[in-house]
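K.L.:
3D, please:
(one chain, ligands or ions: 1)
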Amino acid sequence: MFGGIMLFSKFFAPTSRDVPADAKIVSHRLMLRSGMISQTASGIYCWLPLAVRVLDKISQIICDEQDGIGANRVLFTTIQPADLWIESGRYDAYGKEMLRIKDRKEGNFLYSPTNEEQATDVFRKYVKSYRGLPTMLYQIHWKFRDEIRPRFGVMRGREFLMKDGYSFDIDFESAKRTYDNVFKSYIRIFRRIGLTPIPVQADSGAIGGNMSHEFQILAETGESTLYYDKKLLTSSDDELMTTFAVTDEKYDPKESAVHEKDLQISKGIEVGHVFYFGTKYSKAMNTFVLDEKGEKVFPEMGSYGIGVSRLVAAIIEASHDDRGIIWPEAVAPFDVVILNLHVKNSKCCDAASEIYGAISSRKEVLYDDRDITVGEKLADADLIGIPWQIIIGKNKIESEIVELKNRKTGEAIEISRSEVIGRFVR
Ligand code: 5CA
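P.N.:
Sure, this is the predicted structure:
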(Lines give C-alpha, C1' and ligand atoms only; values in the text may rest on other atoms or scores of the structure.)
Protein backbone atom coordinates (compact mmCIF):
# COMPACT_ATOMS: atom_id res chain seq x y z
CA MET A 1 0.00 0.00 0.00
CA PHE A 2 1.22 3.48 -0.81
CA GLY A 3 1.11 6.12 1.88
CA GLY A 4 -1.21 9.07 2.14
CA ILE A 5 -2.70 11.54 4.50
CA MET A 6 -6.18 12.57 5.40
CA LEU A 7 -7.31 15.41 7.61
CA PHE A 8 -9.98 14.28 10.04
CA SER A 9 -11.67 17.70 9.71
CA LYS A 10 -12.34 16.85 6.05
CA PHE A 11 -12.95 13.14 6.55
CA PHE A 12 -16.53 11.86 6.64
CA ALA A 13 -16.52 9.70 9.78
CA PRO A 14 -19.55 10.74 11.83
CA THR A 15 -18.56 9.23 15.20
CA SER A 16 -21.02 9.13 18.05
CA ARG A 17 -21.07 8.45 21.80
CA ASP A 18 -24.66 7.20 21.71
CA VAL A 19 -25.09 3.49 22.05
CA PRO A 20 -27.63 2.45 19.41
CA ALA A 21 -30.48 0.71 21.23
CA ASP A 22 -31.39 -1.84 18.57
CA ALA A 23 -27.83 -2.98 17.81
CA LYS A 24 -27.49 -6.27 19.67
CA ILE A 25 -23.91 -7.27 18.93
CA VAL A 26 -20.74 -5.36 19.55
CA SER A 27 -19.60 -5.14 15.90
CA HIS A 28 -22.91 -3.59 14.89
CA ARG A 29 -22.72 -1.06 17.73
CA LEU A 30 -19.10 -0.17 16.98
CA MET A 31 -19.66 0.13 13.22
CA LEU A 32 -22.52 2.57 13.85
CA ARG A 33 -20.68 4.51 16.57
CA SER A 34 -17.47 4.85 14.55
CA GLY A 35 -19.40 6.19 11.57
CA MET A 36 -18.60 3.24 9.31
CA ILE A 37 -22.10 2.41 8.15
CA SER A 38 -25.46 4.11 7.84
CA GLN A 39 -28.67 2.10 7.60
CA THR A 40 -30.97 2.78 4.66
CA ALA A 41 -33.51 -0.04 5.08
CA SER A 42 -33.67 -3.37 6.91
CA GLY A 43 -30.45 -5.24 6.06
CA ILE A 44 -29.34 -2.52 3.62
CA TYR A 45 -26.47 -0.22 4.57
CA CYS A 46 -24.43 2.61 3.08
CA TRP A 47 -20.70 2.13 3.58
CA LEU A 48 -18.94 5.29 4.73
CA PRO A 49 -15.24 6.12 4.16
CA LEU A 50 -13.68 4.24 7.10
CA ALA A 51 -15.57 1.11 6.14
CA VAL A 52 -14.80 1.48 2.44
CA ARG A 53 -11.10 1.62 3.28
CA VAL A 54 -11.40 -1.65 5.24
CA LEU A 55 -13.40 -3.31 2.43
CA ASP A 56 -10.66 -2.24 0.01
CA LYS A 57 -7.90 -3.68 2.22
CA ILE A 58 -9.71 -7.01 2.55
CA SER A 59 -10.44 -7.07 -1.19
CA GLN A 60 -6.79 -6.40 -1.99
CA ILE A 61 -5.66 -9.41 0.05
CA ILE A 62 -8.33 -11.60 -1.55
CA CYS A 63 -7.39 -10.51 -5.09
CA ASP A 64 -3.72 -11.04 -4.40
CA GLU A 65 -4.31 -14.63 -3.26
CA GLN A 66 -6.84 -15.45 -6.01
CA ASP A 67 -4.64 -14.04 -8.78
CA GLY A 68 -1.84 -16.06 -7.18
CA ILE A 69 -3.66 -19.35 -7.90
CA GLY A 70 -4.46 -18.34 -11.47
CA ALA A 71 -8.02 -17.10 -11.02
CA ASN A 72 -9.21 -14.29 -13.30
CA ARG A 73 -10.97 -11.29 -11.85
CA VAL A 74 -14.13 -10.20 -13.67
CA LEU A 75 -17.29 -8.27 -12.87
CA PHE A 76 -20.45 -10.19 -13.55
CA THR A 77 -23.69 -8.22 -13.40
CA THR A 78 -25.89 -7.54 -10.39
CA ILE A 79 -29.00 -7.80 -12.59
CA GLN A 80 -29.50 -11.09 -14.44
CA PRO A 81 -32.19 -12.30 -16.83
CA ALA A 82 -34.50 -14.91 -15.29
CA ASP A 83 -33.95 -17.13 -18.35
CA LEU A 84 -30.51 -18.23 -17.13
CA TRP A 85 -32.02 -19.47 -13.89
CA ILE A 86 -34.96 -21.11 -15.63
CA GLU A 87 -32.37 -23.01 -17.69
CA SER A 88 -30.53 -24.29 -14.61
CA GLY A 89 -33.80 -25.12 -12.86
CA ARG A 90 -33.11 -22.78 -9.91
CA TYR A 91 -35.54 -19.97 -10.75
CA ASP A 92 -38.45 -21.50 -8.88
CA ALA A 93 -36.37 -23.48 -6.40
CA TYR A 94 -34.57 -20.41 -5.02
CA GLY A 95 -37.80 -19.10 -3.49
CA LYS A 96 -38.48 -15.83 -1.74
CA GLU A 97 -34.85 -15.00 -1.01
CA MET A 98 -34.50 -13.95 -4.63
CA LEU A 99 -35.41 -10.37 -5.47
CA ARG A 100 -37.34 -10.59 -8.73
CA ILE A 101 -37.53 -7.55 -10.99
CA LYS A 102 -39.48 -6.66 -14.13
CA ASP A 103 -38.11 -4.26 -16.71
CA ARG A 104 -40.30 -1.85 -18.75
CA LYS A 105 -41.02 -4.53 -21.34
CA GLU A 106 -42.31 -6.88 -18.63
CA GLY A 107 -39.14 -9.00 -18.99
CA ASN A 108 -38.20 -11.03 -15.91
CA PHE A 109 -34.94 -10.18 -14.19
CA LEU A 110 -33.44 -10.71 -10.76
CA TYR A 111 -30.79 -9.17 -8.53
CA SER A 112 -27.91 -11.68 -8.21
CA PRO A 113 -27.97 -13.71 -4.98
CA THR A 114 -25.04 -15.69 -6.51
CA ASN A 115 -23.70 -16.17 -10.06
CA GLU A 116 -23.21 -19.89 -10.93
CA GLU A 117 -25.54 -19.64 -13.95
CA GLN A 118 -23.98 -16.47 -15.27
CA ALA A 119 -20.42 -17.77 -14.84
CA THR A 120 -21.42 -20.94 -16.74
CA ASP A 121 -23.03 -18.82 -19.47
CA VAL A 122 -19.90 -16.70 -19.95
CA PHE A 123 -17.73 -19.82 -19.98
CA ARG A 124 -19.82 -21.63 -22.61
CA LYS A 125 -19.75 -18.70 -24.98
CA TYR A 126 -15.95 -18.71 -25.22
CA VAL A 127 -14.44 -22.01 -24.12
CA LYS A 128 -15.02 -24.85 -26.56
CA SER A 129 -11.96 -27.06 -26.09
CA TYR A 130 -10.27 -28.97 -23.26
CA ARG A 131 -7.29 -26.67 -23.89
CA GLY A 132 -9.24 -23.85 -22.24
CA LEU A 133 -9.33 -25.76 -18.94
CA PRO A 134 -8.90 -25.36 -16.07
CA THR A 135 -10.48 -21.90 -15.87
CA MET A 136 -11.50 -19.93 -12.83
CA LEU A 137 -13.39 -16.63 -12.85
CA TYR A 138 -14.00 -14.57 -9.74
CA GLN A 139 -15.40 -11.23 -8.75
CA ILE A 140 -15.98 -9.05 -5.71
CA HIS A 141 -19.48 -7.70 -6.14
CA TRP A 142 -22.78 -6.93 -4.49
CA LYS A 143 -25.40 -9.55 -3.84
CA PHE A 144 -28.97 -9.34 -2.70
CA ARG A 145 -30.75 -12.02 -0.68
CA ASP A 146 -34.11 -11.19 0.79
CA GLU A 147 -33.26 -12.85 4.12
CA ILE A 148 -36.27 -13.50 6.38
CA ARG A 149 -34.37 -12.16 9.36
CA PRO A 150 -31.68 -9.68 8.44
CA ARG A 151 -29.85 -8.95 11.68
CA PHE A 152 -26.68 -7.93 13.44
CA GLY A 153 -26.00 -5.10 10.99
CA VAL A 154 -23.89 -6.13 8.02
CA MET A 155 -23.32 -9.59 9.53
CA ARG A 156 -26.55 -10.87 8.00
CA GLY A 157 -27.57 -8.19 5.55
CA ARG A 158 -29.86 -8.36 2.57
CA GLU A 159 -27.45 -6.43 0.34
CA PHE A 160 -23.87 -7.59 0.93
CA LEU A 161 -20.47 -7.72 -0.73
CA MET A 162 -19.21 -11.17 -1.67
CA LYS A 163 -16.12 -12.56 -3.32
CA ASP A 164 -17.47 -15.33 -5.52
CA GLY A 165 -15.39 -17.58 -7.74
CA TYR A 166 -16.37 -20.29 -10.24
CA SER A 167 -14.09 -23.03 -11.54
CA PHE A 168 -14.26 -25.32 -14.61
CA ASP A 169 -12.13 -28.47 -14.88
CA ILE A 170 -11.94 -31.37 -17.31
CA ASP A 171 -12.36 -34.19 -14.75
CA PHE A 172 -12.76 -34.93 -11.06
CA GLU A 173 -9.02 -35.15 -10.28
CA SER A 174 -8.39 -31.73 -11.77
CA ALA A 175 -11.49 -30.28 -10.06
CA LYS A 176 -10.35 -31.65 -6.70
CA ARG A 177 -6.93 -30.04 -7.22
CA THR A 178 -8.62 -26.71 -7.94
CA TYR A 179 -10.83 -27.12 -4.87
CA ASP A 180 -7.79 -27.81 -2.69
CA ASN A 181 -5.93 -24.82 -4.16
CA VAL A 182 -8.81 -22.51 -3.36
CA PHE A 183 -9.11 -24.09 0.10
CA LYS A 184 -5.45 -23.33 0.81
CA SER A 185 -5.71 -19.82 -0.60
CA TYR A 186 -8.67 -19.18 1.73
CA ILE A 187 -6.62 -20.21 4.74
CA ARG A 188 -3.87 -17.81 3.63
CA ILE A 189 -6.40 -15.00 3.10
CA PHE A 190 -7.90 -15.31 6.58
CA ARG A 191 -4.47 -15.58 8.18
CA ARG A 192 -3.20 -12.51 6.32
CA ILE A 193 -6.22 -10.58 7.58
CA GLY A 194 -5.18 -11.56 11.11
CA LEU A 195 -7.83 -14.20 11.81
CA THR A 196 -7.71 -17.88 12.76
CA PRO A 197 -9.85 -19.80 10.25
CA ILE A 198 -11.64 -22.99 11.27
CA PRO A 199 -12.57 -25.23 8.32
CA VAL A 200 -15.93 -26.92 8.84
CA GLN A 201 -17.49 -29.85 7.03
CA ALA A 202 -20.64 -28.42 5.47
CA ASP A 203 -23.85 -29.00 3.59
CA SER A 204 -24.25 -27.49 0.16
CA GLY A 205 -27.74 -26.01 0.66
CA ALA A 206 -29.15 -23.99 -2.24
CA ILE A 207 -25.89 -24.16 -4.22
CA GLY A 208 -26.13 -27.97 -4.45
CA GLY A 209 -23.36 -30.52 -4.85
CA ASN A 210 -21.43 -33.15 -3.00
CA MET A 211 -18.37 -31.64 -1.33
CA SER A 212 -18.43 -28.48 0.70
CA HIS A 213 -16.57 -26.72 3.50
CA GLU A 214 -17.19 -23.55 5.44
CA PHE A 215 -14.56 -21.32 6.97
CA GLN A 216 -15.54 -19.99 10.36
CA ILE A 217 -14.11 -17.44 12.78
CA LEU A 218 -14.67 -18.00 16.48
CA ALA A 219 -16.83 -15.38 18.19
CA GLU A 220 -19.34 -15.59 21.03
CA THR A 221 -21.99 -13.94 18.88
CA GLY A 222 -21.61 -16.46 16.03
CA GLU A 223 -24.71 -18.19 14.71
CA SER A 224 -23.14 -21.66 14.35
CA THR A 225 -22.02 -24.03 17.10
CA LEU A 226 -18.75 -25.76 16.25
CA TYR A 227 -17.35 -29.01 17.63
CA TYR A 228 -13.63 -29.43 17.06
CA ASP A 229 -10.36 -30.73 18.38
CA LYS A 230 -8.57 -27.92 20.20
CA LYS A 231 -5.42 -28.61 18.19
CA LEU A 232 -7.25 -27.13 15.19
CA LEU A 233 -6.52 -23.68 16.61
CA THR A 234 -2.77 -24.20 16.27
CA SER A 235 -2.75 -26.39 13.14
CA SER A 236 -0.56 -25.62 10.14
CA ASP A 237 -2.13 -24.76 6.80
CA ASP A 238 -1.54 -28.33 5.58
CA GLU A 239 -3.10 -29.88 8.68
CA LEU A 240 -6.21 -27.74 8.14
CA MET A 241 -6.71 -29.49 4.79
CA THR A 242 -7.62 -32.73 6.54
CA THR A 243 -8.98 -31.91 10.00
CA PHE A 244 -12.26 -30.10 10.25
CA ALA A 245 -14.78 -28.94 12.79
CA VAL A 246 -18.42 -30.00 12.51
CA THR A 247 -21.58 -28.09 13.35
CA ASP A 248 -24.13 -29.27 15.93
CA GLU A 249 -26.42 -30.96 13.37
CA LYS A 250 -23.48 -33.14 12.34
CA TYR A 251 -21.91 -33.82 15.72
CA ASP A 252 -22.35 -37.37 17.01
CA PRO A 253 -20.39 -38.13 20.22
CA LYS A 254 -20.38 -41.84 19.36
CA GLU A 255 -18.75 -41.25 15.99
CA SER A 256 -16.49 -38.39 16.94
CA ALA A 257 -12.80 -39.10 16.42
CA VAL A 258 -11.96 -36.32 18.87
CA HIS A 259 -10.98 -37.40 22.39
CA GLU A 260 -13.37 -35.95 24.97
CA LYS A 261 -10.64 -34.02 26.75
CA ASP A 262 -9.59 -32.32 23.49
CA LEU A 263 -13.12 -31.47 22.37
CA GLN A 264 -13.95 -27.77 22.13
CA ILE A 265 -17.41 -26.37 21.57
CA SER A 266 -17.57 -22.74 20.44
CA LYS A 267 -19.71 -20.33 18.48
CA GLY A 268 -18.50 -19.34 15.03
CA ILE A 269 -19.22 -16.91 12.20
CA GLU A 270 -19.22 -18.30 8.65
CA VAL A 271 -16.95 -16.05 6.58
CA GLY A 272 -16.33 -18.35 3.63
CA HIS A 273 -17.87 -21.34 1.89
CA VAL A 274 -16.51 -23.56 -0.88
CA PHE A 275 -18.48 -26.03 -2.98
CA TYR A 276 -17.68 -28.78 -5.47
CA PHE A 277 -20.77 -29.77 -7.44
CA GLY A 278 -19.46 -31.62 -10.48
CA THR A 279 -21.54 -31.27 -13.61
CA LYS A 280 -24.75 -30.00 -11.98
CA TYR A 281 -24.78 -26.67 -13.86
CA SER A 282 -22.72 -27.61 -16.91
CA LYS A 283 -25.18 -30.45 -17.72
CA ALA A 284 -28.31 -28.44 -16.92
CA MET A 285 -27.05 -25.58 -19.11
CA ASN A 286 -25.69 -27.81 -21.88
CA THR A 287 -22.16 -26.49 -21.40
CA PHE A 288 -19.45 -28.73 -22.79
CA VAL A 289 -15.97 -28.72 -24.29
CA LEU A 290 -14.44 -31.17 -26.75
CA ASP A 291 -11.71 -33.41 -25.36
CA GLU A 292 -8.60 -34.65 -27.17
CA LYS A 293 -10.65 -37.24 -29.03
CA GLY A 294 -13.23 -34.66 -30.09
CA GLU A 295 -15.80 -35.98 -27.63
CA LYS A 296 -18.15 -33.85 -25.55
CA VAL A 297 -17.19 -33.40 -21.89
CA PHE A 298 -19.27 -31.49 -19.35
CA PRO A 299 -16.83 -29.54 -17.14
CA GLU A 300 -16.63 -30.29 -13.42
CA MET A 301 -17.42 -27.15 -11.50
CA GLY A 302 -16.99 -25.60 -8.08
CA SER A 303 -17.91 -22.26 -6.54
CA TYR A 304 -16.16 -20.41 -3.77
CA GLY A 305 -17.49 -17.57 -1.66
CA ILE A 306 -16.14 -15.15 0.93
CA GLY A 307 -18.44 -12.76 2.79
CA VAL A 308 -16.37 -9.61 2.31
CA SER A 309 -18.79 -7.22 4.04
CA ARG A 310 -19.54 -9.81 6.75
CA LEU A 311 -15.80 -10.12 7.37
CA VAL A 312 -15.64 -6.46 8.45
CA ALA A 313 -18.09 -7.25 11.26
CA ALA A 314 -16.45 -10.61 12.04
CA ILE A 315 -13.03 -8.97 12.43
CA ILE A 316 -14.52 -6.49 14.90
CA GLU A 317 -16.24 -9.31 16.84
CA ALA A 318 -12.85 -11.00 17.11
CA SER A 319 -10.86 -7.84 17.87
CA HIS A 320 -12.24 -5.08 20.11
CA ASP A 321 -12.28 -3.92 23.72
CA ASP A 322 -14.67 -1.79 25.75
CA ARG A 323 -13.31 1.39 24.19
CA GLY A 324 -13.72 0.37 20.58
CA ILE A 325 -12.36 -1.46 17.58
CA ILE A 326 -8.81 -2.85 17.42
CA TRP A 327 -7.99 -3.26 13.71
CA PRO A 328 -5.44 -5.91 12.73
CA GLU A 329 -2.71 -3.96 10.91
CA ALA A 330 -3.33 -5.67 7.56
CA VAL A 331 -6.87 -4.36 7.19
CA ALA A 332 -6.84 -1.17 9.28
CA PRO A 333 -8.43 1.86 7.55
CA PHE A 334 -5.23 3.82 8.32
CA ASP A 335 -1.89 2.71 9.75
CA VAL A 336 -1.41 5.69 12.05
CA VAL A 337 -3.55 8.44 13.56
CA ILE A 338 -1.91 11.68 14.71
CA LEU A 339 -3.77 13.34 17.54
CA ASN A 340 -2.99 17.01 17.80
CA LEU A 341 -4.54 17.73 21.20
CA HIS A 342 -4.16 21.52 20.92
CA VAL A 343 -4.87 22.72 17.41
CA LYS A 344 -4.53 26.37 18.52
CA ASN A 345 -0.98 25.83 19.79
CA SER A 346 1.50 26.59 17.01
CA LYS A 347 4.20 24.29 18.43
CA CYS A 348 1.78 21.35 18.44
CA CYS A 349 0.65 22.18 14.90
CA ASP A 350 4.24 22.38 13.66
CA ALA A 351 5.08 19.04 15.23
CA ALA A 352 1.97 17.42 13.77
CA SER A 353 2.69 18.82 10.29
CA GLU A 354 6.28 17.67 10.36
CA ILE A 355 5.39 14.18 11.53
CA TYR A 356 2.53 13.54 9.13
CA GLY A 357 4.49 15.06 6.27
CA ALA A 358 7.33 12.62 6.89
CA ILE A 359 5.34 9.49 7.70
CA SER A 360 2.76 9.80 4.94
CA SER A 361 5.34 8.86 2.31
CA ARG A 362 5.21 5.30 3.69
CA LYS A 363 2.10 4.94 5.78
CA GLU A 364 -1.56 5.82 5.56
CA VAL A 365 -2.05 8.56 8.10
CA LEU A 366 -5.17 10.18 9.52
CA TYR A 367 -4.36 13.54 11.09
CA ASP A 368 -6.92 14.52 13.71
CA ASP A 369 -6.80 18.31 13.33
CA ARG A 370 -10.34 18.87 14.64
CA ASP A 371 -10.97 21.56 17.21
CA ILE A 372 -12.65 19.33 19.82
CA THR A 373 -11.87 18.46 23.46
CA VAL A 374 -8.88 16.30 24.39
CA GLY A 375 -11.24 13.72 25.84
CA GLU A 376 -13.30 13.49 22.66
CA LYS A 377 -10.20 13.17 20.53
CA LEU A 378 -8.70 10.36 22.61
CA ALA A 379 -12.05 8.55 22.78
CA ASP A 380 -12.59 8.76 19.00
CA ALA A 381 -9.10 7.39 18.33
CA ASP A 382 -9.76 4.38 20.56
CA LEU A 383 -13.22 3.94 19.03
CA ILE A 384 -12.08 3.83 15.40
CA GLY A 385 -9.20 1.57 16.34
CA ILE A 386 -6.27 2.62 14.11
CA PRO A 387 -3.28 0.49 15.26
CA TRP A 388 -0.88 3.35 16.16
CA GLN A 389 -1.63 6.72 17.78
CA ILE A 390 0.88 9.57 17.85
CA ILE A 391 -0.34 11.93 20.54
CA ILE A 392 0.91 15.49 20.52
CA GLY A 393 0.24 17.40 23.77
CA LYS A 394 1.44 20.83 24.82
CA ASN A 395 3.28 19.83 28.00
CA LYS A 396 6.15 17.95 26.40
CA ILE A 397 6.25 19.62 23.03
CA GLU A 398 8.81 22.25 24.14
CA SER A 399 11.26 19.37 24.55
CA GLU A 400 10.19 17.83 21.21
CA ILE A 401 8.53 14.86 22.92
CA VAL A 402 5.36 13.13 21.72
CA GLU A 403 3.58 9.98 22.83
CA LEU A 404 3.36 6.81 20.72
CA LYS A 405 0.54 4.53 21.76
CA ASN A 406 -0.30 1.04 20.57
CA ARG A 407 -4.08 0.68 20.32
CA LYS A 408 -4.04 -3.08 20.95
CA THR A 409 -1.78 -3.28 24.01
CA GLY A 410 -2.49 0.23 25.30
CA GLU A 411 1.24 0.59 25.81
CA ALA A 412 2.40 4.21 25.44
CA ILE A 413 5.94 5.53 25.28
CA GLU A 414 7.37 9.04 25.23
CA ILE A 415 9.53 9.52 22.19
CA SER A 416 11.17 12.37 20.31
CA ARG A 417 9.73 13.78 17.10
CA SER A 418 12.57 12.45 15.01
CA GLU A 419 12.48 9.01 16.61
CA VAL A 420 8.77 8.60 16.00
CA ILE A 421 9.30 9.44 12.33
CA GLY A 422 12.13 6.90 12.22
CA ARG A 423 9.79 4.21 13.55
CA PHE A 424 7.48 4.48 10.56
CA VAL A 425 9.85 5.59 7.81
CA ARG A 426 12.67 3.15 7.44
N1 5CA B 1 -22.15 -19.24 -4.77
C2 5CA B 1 -21.63 -19.66 -3.51
C3 5CA B 1 -20.15 -19.45 -3.41
S4 5CA B 1 -19.55 -18.35 -4.60
C5 5CA B 1 -22.34 -18.95 -2.39
O6 5CA B 1 -23.17 -18.10 -2.63
N7 5CA B 1 -22.00 -19.31 -1.15
S8 5CA B 1 -22.67 -18.80 0.19
O9 5CA B 1 -24.09 -18.76 0.07
O10 5CA B 1 -22.18 -19.65 1.22
O11 5CA B 1 -22.17 -17.36 0.45
C12 5CA B 1 -20.79 -17.09 0.55
C13 5CA B 1 -20.48 -16.26 1.77
O14 5CA B 1 -21.21 -15.04 1.74
C15 5CA B 1 -20.90 -16.90 3.09
O16 5CA B 1 -19.90 -17.78 3.55
C17 5CA B 1 -21.06 -15.69 4.00
O18 5CA B 1 -19.80 -15.35 4.57
C19 5CA B 1 -21.50 -14.60 3.06
N20 5CA B 1 -22.95 -14.34 3.19
C21 5CA B 1 -23.97 -15.15 2.83
N22 5CA B 1 -25.16 -14.59 3.13
C23 5CA B 1 -24.89 -13.38 3.70
C24 5CA B 1 -25.68 -12.32 4.22
N25 5CA B 1 -27.02 -12.39 4.19
N26 5CA B 1 -25.05 -11.23 4.74
C27 5CA B 1 -23.71 -11.14 4.73
N28 5CA B 1 -22.90 -12.11 4.25
C29 5CA B 1 -23.48 -13.22 3.74
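K.L.:
Output the below-cut-off pLDDT ranges for the stretch 101-250 of the chain.
P.N.:
Low-confidence segments of the stretch 101-250 of the chain (pLDDT under 70): 204-209.
K.L.:
For the closest residue to the ligand within the stretch 1-150 of the chain, give its distance to residue 384.
P.N.:
Shortest the stretch 1-150 of the chain-to-the ligand distance, computed as C-beta to the nearest ligand atom: residue-wise this is residue 114, at 3.7 Å. Quick note: C-beta positions are derived from backbone N, CA and C, even for glycine. From residue 114 across to residue 384, the span is 33 Å (C-beta to C-beta, to the nearest Å).
K.L.:
is it true that the residue of the stretch 1-150 of the chain closest to the ligand touches residue 164?
P.N.:
Yes. Using C-beta atoms under 8 Å, residue 114 makes contact with residue 164 at a distance of 6.4 Å.
K.L.:
Spell out which residues are contacts of both of the two.
P.N.:
Taking C-beta atoms under 8 Å, 6 or more residues apart in numbering as the contact criterion, the common neighbours of residue 114 and residue 164 are 143, 303, 305.
K.L.:
quick one on the thing from earlier: what's the helix or strand for the residue of the stretch 1-150 of the chain closest to the ligand?
P.N.:
With secondary structure defined by DSSP states H and E, residue 114 is part of neither a helix nor a strand.
K.L.:
Return the residues in contact with it.
P.N.:
By C-beta under 8 Å, 6+ apart, residue 114 lies in contact with 143, 162, 164, 207, 303, 305.
K.L.:
repeat that for 10 Å
P.N.:
Contacts were defined as C-beta atoms under 10 Å, 6 or more residues apart in numbering; by that measure residue 114 touches 76, 90, 94, 98, 143, 145, 162, 164, 166, 206-207, 303, 305.
K.L.:
Also residue 339?
P.N.:
For residue 339, the contacting residues are 8, 348, 352, 366-370, 374, 377-378, 380-381, 389-393, 402-403, 405, taking C-beta under 10 Å, 6+ apart as the criterion.
K.L.:
Partner strands of the longest strand seen in the chain and their direction?
P.N.:
Across the chain, the longest stretch assigned as strand under DSSP state E is strand 263-278. Using DSSP bridges, the strands paired with strand 263-278 are strand 211-218 (antiparallel), strand 224-229 (antiparallel), strand 300-307 (antiparallel).
K.L.:
List the buried residues for the following helix or strand past it?
P.N.:
Sequence order places helix 280-284 as the next helix or strand after strand 263-278, per DSSP H and E. For helix 280-284, burial by neighbour count (16 or more other C-beta atoms under 10 Å) applies to 280, 281, 282, 284.
K.L.:
I'd like the average pLDDT over helix 280-284.
P.N.:
Per-residue confidence for helix 280-284 averages out to 98 on the pLDDT scale.
K.L.:
Any idea how far the helix or strand following it is from the middle of the chain?
P.N.:
The element immediately downstream of helix 280-284 (helix or strand, assigned by DSSP H and E) is strand 289-290. Relative to its parent chain, strand 289-290 has a centroid offset of 36 Å by C-alpha atoms, centre = their mean, to the nearest Å.
K.L.:
Adjust the sequence numbering to begin at 33 for everything that follows.
P.N.:
From this message on, residue numbering opens at 33, which makes the last subject strand 321-322.
K.L.:
Identify all contacting residues around strand 321-322.
P.N.:
Strand 321-322 is contacted by residues 155-156, 159-165, 167, 200, 202, 314, 327-331 when judged by C-beta under 10 Å, 6+ apart.
K.L.:
and the stretch 183-332 of the chain, which of its residues are near the ligand?
P.N.:
Where the stretch 183-332 of the chain comes near the ligand, counting by C-beta under 6 Å from any ligand atom, the residues are 188, 189, 192, 194, 196, 239, 302, 303, 304, 305.
K.L.:
how would you label residue 285: helix, strand or coil?
P.N.:
State at residue 285, reduced to three classes by DSSP: H, G, I helix; E, B strand; the rest coil: coil.
K.L.:
do you know how far it is from the ligand?
P.N.:
As for residue 285, its distance to the ligand is 27 Å (criterion: C-beta to the nearest ligand atom, to the nearest Å).
K.L.:
Residue 70 contacts residue 79, doesn't it?
P.N.:
Yes. At 8.4 Å, residue 70 counts as touching residue 79 under the criterion of C-beta atoms under 10 Å.
K.L.:
Identify the contacts common to those two.
P.N.:
residue 63.
K.L.:
Just want to know which of the two has more residues nearby.
P.N.:
residue 79 (18 against 13; other C-beta atoms under 10 Å).
K.L.:
could you check the distance from that one over to residue 345?
P.N.:
Between residue 79 and residue 345 the computed distance is 12 Å (C-beta to C-beta).
K.L.:
Need the overlap of contacts for the two.
P.N.:
Counting by C-beta under 10 Å, 6+ apart, the contacts common to residue 79 and residue 345 are 63, 68, 69, 186.
K.L.:
Look up which residues are beta-bridged to the third one.
P.N.:
Spelled out, it's residue 69. Beta-bridge partners recorded for residue 69 (DSSP bridges): residue 79.
K.L.:
residue ranges of the strands in the stretch 83-232 of the chain, please?
P.N.:
When secondary structure is read from DSSP state E, counting those that start in this stretch, the stretch 83-232 of the chain shows strands at 104-105, 111-113, 132-134, 140-143, 167-176, 191-201, 230-233.
K.L.:
Including distance to residue 97 and mean neighbour count, could these go into TSV?
P.N.:
Shown next, in TSV, are the strands of the stretch 83-232 of the chain (distance: least, C-beta to C-beta, whole Å; neighbours: other C-beta atoms under 10 Å):
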stretch	distance to residue 97	mean neighbour count
strand 104-105	12	13
strand 111-113	27	16
strand 132-134	34	13
strand 140-143	28	17
strand 167-176	11	20
strand 191-201	10	24
strand 230-233	16	22
